[in-house]
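[1] Model the structure of this input:
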Amino acid sequence: MIETVGKQSALSLRRLLARHMARTAGKTVMSPENPRQIARKRMDAGADRLPTPADVRVEKTEISGLSALTFTPDEHRPGLLLFLHGGGYCLGSAKSHKPLVTRLAKGMRIKAVSVDYRLAPEHVFPCAVDDGAAALNWAMAHSDGPVLIAGDSAGGGLALASLLRQREQGRSLPQGVYLISPWTDLTASGDSARTRANADPMLKPDWLAAGAQLYLEDTPASTPEASPLFADLTGLPPMFIQTGDDEILRDDSIRFAEKLEQAGVPVHCEIWKALWHDFPLFAPLLPEADLALERLKTWAEPILSAD
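    Residues are numbered from 1 along each chain as shown. Below you'll find the model as predicted:
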């Protein structure tokens with residue numbers, strides 16, 4: 001199911017502030033004009049600007065040879081969330097997405113782990129997929145209950161690629177998938193890459209193209225593990241997708257959801273009016289981000305409470 005959520009209302013002060021933060025993050029972090037190491041430090045530092053729930057214990061660890069953060073709510077039940085961060089395959093870390101993953105763990109009352117997979121251009125495709133698949137295999141082996149895999153932007157595409165690898169190897173799959181603004185098509189063939197170029201404060205088409213080139217090197221952009229939109233999606237777990245109607249990757253979500261439906265995979269895809277790329281990351285500043293995470297909890301509850 002593809003559903004339009006929210007309304008094209010006048011901008012509130014909090015939404016204006018969040019949009020300004022998104023635009024600033026785009027210019028100072030996501031733009032390829034920024035030196036890469038500086039951009040990575042800025043992205044990590046941005047996590048400190050958002051409040052984080054205090055009743056979740058966050059600890060450093062290592063899984064399958066990857067640095068990671070674990071998130072343990074004071075009150076939790078069996079289950080595990082594996083989160084793969086976004087950043088165009090060139091930026092981002094477990095630290096940069098700490099506020100979001102903390103909220104996900106607390107909201108769903110399960111443990112979570114967020115990993116530092118290898119980044120381009122130091123490590124090109126398929127290194128990130130190798131790491132994502134290894135982390136997923138670890139999660140399936142170590143969870144005491146249902147497993148969810150999640151990711152935003154490039155991390156959403158990586159979560160899907162990890163699922164494809166896991167399926168092709170005949171391994172067990174998680175019970176559900178949560179995707180925020182997933183980057184499913186590195187060929188940028190969706191119309192929104194052009195029609196939303198001026199509306200999205202967070203991303204620009206040429207920034208995505210630059211990241212894709214660094215990540216892929218000589219690999220064709222239509223390779224299924226790089227662009228899951230072109231993969232065989234049969235047999236994948238139920239998915240919940242949230243994307244903004246103003247973002248350049250909107251059509252990556254819509255076309256992917258349509259293909260999931262054709263493959264017989266249960267999917268609920270929400271298109272949020274007047275919102276931009278990765279908007280749930282702006283909780284609790286942005287009211288719509290809080291509501292989006294509440295809707296995720298409602299979707300995930302039957303999976304997490306199943307016997």
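[2] tell me the contacts of the nearest residue to His76 once chain neighbours are set aside?
    Nearest residue to His76, sequence neighbours excluded (C-beta to C-beta, 6 or more residues apart in numbering): Arg109, at 5.2 Å. C-beta: built from backbone N, CA, C; applies to glycine. Counting by C-beta atoms under 8 Å, 6 or more residues apart in numbering, Arg109 makes contact with Pro73, Glu75, His76, Arg77, Leu304.
[3] and what of Gln175?
    By C-beta under 8 Å, 6+ apart, Gln175 lies in contact with Pro146, Val147, Leu148, Pro237, Pro238, Ile303, Ala306.
[4] What count of nearby residues applies to the residue nearest to Ala133 when sequence neighbours are not counted?
    Leaving aside its chain neighbours, Ala133 sits nearest to Arg165 (4.1 Å; criterion: C-beta to C-beta, 6+ apart). Using other C-beta atoms under 10 Å, Arg165 is surrounded by 19 other residues.
[5] Angles on the backbone of Arg165, please.
    Per-residue torsions, Arg165: phi -60, psi -40 (degrees, to the nearest 10).
[6] Thr61 belongs to a strand?
    Yes. Looking at Thr61 with DSSP: H, G, I helix; E, B strand; the rest coil, it is inside a strand.
[7] neighbours around it, how many?
    Neighbours around Thr61, by other C-beta under 10 Å: 12.
[8] For it, give me its contacts.
    Here Thr61 is in contact with Ser67, Ala68, Leu69, Thr70, Val113 (C-beta under 8 Å, 6+ apart).
[9] Using PyMOL, make a named selection holding only the buried ones among those.
    In PyMOL, this line selects whichever of the contacts of Thr61 come out buried by 16 or more other C-beta atoms under 10 Å:
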select buried, resi 68+69+70+113
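[10] now the contacts of Thr61 in CSV, with distance to Leu216?
    Shown next, in CSV, are the contacts of Thr61 (distance: C-beta to C-beta, whole Å):
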residue, distance to Leu216
Ser67, 24
Ala68, 25
Leu69, 28
Thr70, 31
Val113, 27
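[11] Make a markdown table out of the contacts of Thr61 and add secondary structure.
    Shown next, in a markdown table, are those (three-state DSSP):
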| residue | secondary structure |
| --- | --- |
| Ser67 | strand |
| Ala68 | strand |
| Leu69 | strand |
| Thr70 | strand |
| Val113 | strand |
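[12] export the contacts of Thr61 to JSON lines and tack on pLDDT and distance to Asp55?
    Converted to JSON lines, these look like this (pLDDT from 0 to 100; distance: C-beta to C-beta, whole Å):
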{"residue": "Ser67", "pLDDT": "98", "distance to Asp55": "24"}
{"residue": "Ala68", "pLDDT": "98", "distance to Asp55": "21"}
{"residue": "Leu69", "pLDDT": "98", "distance to Asp55": "16"}
{"residue": "Thr70", "pLDDT": "98", "distance to Asp55": "15"}
{"residue": "Val113", "pLDDT": "98", "distance to Asp55": "18"}
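[13] So which residue is smack in the middle of this protein?
    By C-alpha atoms, centre = their mean, the mean C-alpha position of the chain lies nearest to Asp152, the distance being 1.3 Å.
[14] Name the nearest of the contacts of Thr61 relative to Val58.
    Leu69 (5.7 Å; C-beta to C-beta).
[15] which residue ranges form the strands in the stretch 101-250 of the chain?
    All strands of the stretch 101-250 of the chain, identified by DSSP state E, counting those that start in this stretch, fall at 111-115, 147-152, 176-180, 239-244.
[16] Can I get these in a markdown table including distance to Ala94?
    A markdown table is the format used below for the strands of the stretch 101-250 of the chain (distance: least, C-beta to C-beta, whole Å):
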| stretch | distance to Ala94 |
| --- | --- |
| strand 111-115 | 4 |
| strand 147-152 | 12 |
| strand 176-180 | 16 |
| strand 239-244 | 21 |
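[17] Ok, which of these comes nearest His123?
    Closest of the strands of the stretch 101-250 of the chain to His123 is strand 111-115, at 13.7 Å (criterion: C-beta to C-beta).
[18] partner strands of that closest one, parallel or antiparallel?
    Here strand 111-115 is paired, per DSSP bridges, with strand 66-73 (antiparallel), strand 80-84 (parallel).
[19] now those strands in JSON lines, with distance to Thr298?
    Output for the strands paired with strand 111-115, formatted as JSON lines (distance: least, C-beta to C-beta, whole Å):
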{"stretch": "strand 66-73", "distance to Thr298": "18"}
{"stretch": "strand 80-84", "distance to Thr298": "16"}
